[in-house]
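Engineer: heads up, no residue letters with this:
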């Protein structure tokens, strides 16, 4: 969004904001009588003296006004609680002839705001042309677990994955009685307003200000300023506080009822500041490294001077054909815009406001029908970000980046003084999404086809290690890795467990279930081997056929042949079939042994056996197959159109059963489909590691619902494409086809019943009144769910096919 308007705004800001040092310089006519203002002298034609000692300049004949330590033009700014707030004006004005003139400079910086409630968390979002911020106010509910949830004010900024957090405790009364809430500004009527202060030659100071009310006296007992990663180390782990970071926080009484917490980052350039100013007459008091507050309202301001990202606004992220979503789904579009920037899309807020390769590519594939394409688009931001961060030595795609203050800290742990970013390459699944995304855009999409040469000719600039390499060279490196690692299994007689794709040595995670027990300690994940590898190989074949890999002209046929072997020969390694009698016993034991409050539904097993595919191979406690039913069938449904008739029929049948059968016989609950069901494990380790309080346990993930729904739709759609001769054999099996369509509709009924939660990352449940009721995941776990998550916004594009409704 860099244009002449934003440039004009920056020039205007430089002209409008004058620091005290500049305002103390005398500029005036030689014949004017000089007046005293404190220790300085000034002419009335050039300056105004405020409070007997503070000079503000006259600009173009208009006096500027004082706001705390700044001067401003009222046409551009207002002073709210001693902080400058940019004036919002209409984006365009009608001329006398009825045409529309160019927007004013201020209009190009109009702030966008929205609020999402996820008790006990209230999330507020603010963005303009200068910065973006998410503010989370936490107040425990009467039934909250007070060992996990306490009063908290958190501000998160996408730029640098940065933030501040202030934890509070009540000074008197019973634990859990302190409540916090935002109040509308008496000046602007907004809950949040932007902070902007030009810093001359350095980065401007940007941030957010608002008013927070405390219902009783409180103490700010822990503050963390700098990186969201530092905050997460404290909130999600054993409450780690790094001395090298905490000891640099300065507590300052600024007078006039204001206290300031500030910290100079490890880069010795960036400073984060958090201030509180009394708005109700009660002055906050510094007590060593804490701050005491009386009950009342306080103005807070959180700011820093770090380089900012360029956000894509609502119209820029959407395809022209999808612009109507701004009218029908504004909050979700606002959320998508908050996570979208010209050089990358972010995974989610507040915990993951940075690049995550897997998350963004899955989101791209699911939202492809509505996302903008072309130069400067959301689509190219996603793919470009992955290519930029690729490991040039082996072709691995980066899972996550570490930037800002945390990257400097990590570098220092290695005795390196540098602010250079770090990249995490431990995941194995991210590699395979890249060629799939490239083929989807550059081969299938008309705009992408026309952009292929120019896009792939771009030179990498983000990762210093990739400087000078083109996107095409980086894509080739990735494709070569996939071809080389998939060749052993695809070779004649090579279909063995040892030739499947394993987690990297020394790692316990490697795909989307990236918590410690996410795949039960397995080393060979189901989704990677049965879906991602063959899908990536098909994509490489398509890219090669289009001439994008001229170094390997044989890949168009070789990659396709590899793909056929992988898609036909991997499922059998993961197959688990349990006789009905044993399955019923396992269900009854799972419920009884774990004192679970819901029925086992063992009576729902009517066939001779229960079939599903292992979540992974080589699991914990000598589990050859990790016996956990799961939703990862969605990858194969969504990414592959397999041709092995009997195998496809059996696969679709069991996938439909898991949707139709109630948990724990299947995956379906009133709150959605759980992503893992340990009931058939037969070992206590399963129930212990897959619970409703585990990140990848018996919980519901929004994007998995979306991919499963779209995957079922794609498979059903094959029965209407290309005539009977090209249709899969299962399409002619009336009962099976009816079951798959029924599963599609039951799934969508469940999705629609939980529409209020679909934008959240993950949620859990509580069984009450004979139903599974949605419970925020953070109520049960130290891992807090993001209220906005990129891949949870995929329902903007994934819609129910009304033609299949029954």
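Structural biologist: Received, thanks. Model, not experiment: these values are computed from the prediction. Residues are numbered from 1 along each chain as shown.
Engineer: And the strands in the stretch 401-550 of the chain?
Structural biologist: 422-424, 524-525 (DSSP state E, counting those that start in this stretch).
Engineer: same thing with the stretch 601-750 of the chain?
Structural biologist: Under DSSP E, counting those that start in this stretch, the stretch 601-750 of the chain gives strands at 609-613, 616-617, 629-630, 668-669, 672-673, 676-677, 700-701.
Engineer: now the longest one: how far from the chain's centre is it?
Structural biologist: Just to be clear, that refers to strand 609-613. Relative to its parent chain, strand 609-613 has a centroid offset of 34 Å by C-alpha atoms, centre = their mean, to the nearest Å.
Engineer: likewise the fifth one?
Structural biologist: Its chain's C-alpha centre lies 21 Å from the corresponding centre of strand 672-673 when counted by C-alpha atoms, centre = their mean.
Engineer: And for the last one?
Structural biologist: The chain centroid and the centroid of strand 700-701 are separated by 15 Å under C-alpha atoms, centre = their mean.
Engineer: repeat for the fourth one
Structural biologist: Here the centre of mass of C-alpha atoms in strand 668-669, compared against the chain's by C-alpha atoms, centre = their mean, lies 26 Å away.
Engineer: before we move on, back to that, any idea which of the strands of the stretch 401-550 of the chain is most buried?
Structural biologist: strand 524-525 (a mean of 26; mean count of other C-beta atoms under 10 Å). All C-beta atoms are positioned from the backbone trio N, CA, C, and that covers glycine.
Engineer: circling back to that earlier point, with respect to residue 722, which of the strands of the stretch 401-550 of the chain lies nearest?
Structural biologist: Smallest distance to residue 722 across those (C-beta to C-beta): 32.6 Å, for strand 524-525.
Engineer: distance of residue 329 from residue 805?
Structural biologist: 20 Å (C-beta to C-beta, to the nearest Å).
Engineer: Compare those two (neighbour count), which wins?
Structural biologist: Counted by other C-beta atoms under 10 Å, residue 329 and residue 805 do not tie: residue 329 has more neighbours, with 18 against 11.
Engineer: List the contacts of that one.
Structural biologist: Applying C-beta atoms under 8 Å, 6 or more residues apart in numbering, one finds that residue 329 lies in contact with residue 796.
Engineer: Got phi/psi on it?
Structural biologist: Taking degrees, to the nearest 10, you get phi -140, psi 50 for the backbone angles of residue 329.
Engineer: Quick check, pLDDT for residue 72.
Structural biologist: pLDDT, residue 72: 72.
Engineer: partner residues bridging residue 700?
Structural biologist: residue 763 (DSSP bridges).
Engineer: That one contacts residue 760, doesn't it?
Structural biologist: No. Judged on C-beta atoms under 8 Å, residue 700 makes no contact with residue 760 at a distance of 9.2 Å.
Engineer: Pick out whichever of the two has more residues nearby.
Structural biologist: The neighbour count for residue 700 versus residue 760, taken as other C-beta under 10 Å, is higher for residue 700 (27 against 23).
Engineer: where along the stretch 251-400 of the chain do the strands fall?
Structural biologist: Secondary structure of the stretch 251-400 of the chain by DSSP E, counting those that start in this stretch: the strands cover 258-264, 271-278, 285-287, 290-293, 296-304, 340-341, 344-345, 348-349, 400-402.
Engineer: okay, these, which one's buried deepest?
Structural biologist: Of the strands of the stretch 251-400 of the chain, the one with the most neighbours on average (mean count of other C-beta under 10 Å) is strand 348-349, at a mean of 26.
Engineer: thinking again about what came up before, the strands of the stretch 601-750 of the chain into JSON lines, with extra columns for mean pLDDT?
Structural biologist: Listed next are the strands of the stretch 601-750 of the chain as JSON lines, based on pLDDT from 0 to 100:
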{"stretch": "strand 609-613", "mean pLDDT": "97"}
{"stretch": "strand 616-617", "mean pLDDT": "98"}
{"stretch": "strand 629-630", "mean pLDDT": "99"}
{"stretch": "strand 668-669", "mean pLDDT": "99"}
{"stretch": "strand 672-673", "mean pLDDT": "99"}
{"stretch": "strand 676-677", "mean pLDDT": "99"}
{"stretch": "strand 700-701", "mean pLDDT": "98"}
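Engineer: Including distance to residue 685, could the ones you listed go into CSV?
Structural biologist: Listed next are the strands of the stretch 601-750 of the chain as CSV, based on distance: least, C-beta to C-beta, whole Å:
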stretch, distance to residue 685
strand 609-613, 18
strand 616-617, 14
strand 629-630, 16
strand 668-669, 23
strand 672-673, 23
strand 676-677, 13
strand 700-701, 22
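Engineer: and residue 268, how many neighbours does it have?
Structural biologist: Residue 268 has 10 nearby residues by other C-beta under 10 Å.
Engineer: Hmm, I typed the wrong one, I wanted residue 186.
Structural biologist: 12.
Engineer: Walk me through the domains of this structure.
Structural biologist: Here the domain parsing of the chain from automatic domain parsing is 4-72, 111-304, 314-545, 573-804.
Engineer: To residue 560, which of these lies closest?
Structural biologist: domain 314-545 (4.1 Å).
Engineer: I'd like the distance between residue 476 and residue 360.
Structural biologist: Distance from residue 476 to residue 360, by C-beta to C-beta: 21 Å.
Engineer: So for those two, which sits in the more crowded spot?
Structural biologist: The neighbour comparison of residue 476 against residue 360 (other C-beta under 10 Å) goes to residue 360, with 27 against 20.
Engineer: Contacts only, for that one.
Structural biologist: 344-347, 382, 385-386, 790.
Engineer: go on, residue 624?
Structural biologist: Taking C-beta under 8 Å, 6+ apart as the test, what residue 624 contacts is 617-618.
Engineer: Then residue 480?
Structural biologist: Residue 480 is in contact with 395, 552, counting by C-beta under 8 Å, 6+ apart.
Engineer: rewinding a little: please produce JSON lines containing the domains of the chain, extended by distance to residue 553.
Structural biologist: Formatted as JSON lines, those follow (distance: least, C-beta to C-beta, whole Å):
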{"stretch": "domain 4-72", "distance to residue 553": "47"}
{"stretch": "domain 111-304", "distance to residue 553": "42"}
{"stretch": "domain 314-545", "distance to residue 553": "7"}
{"stretch": "domain 573-804", "distance to residue 553": "25"}
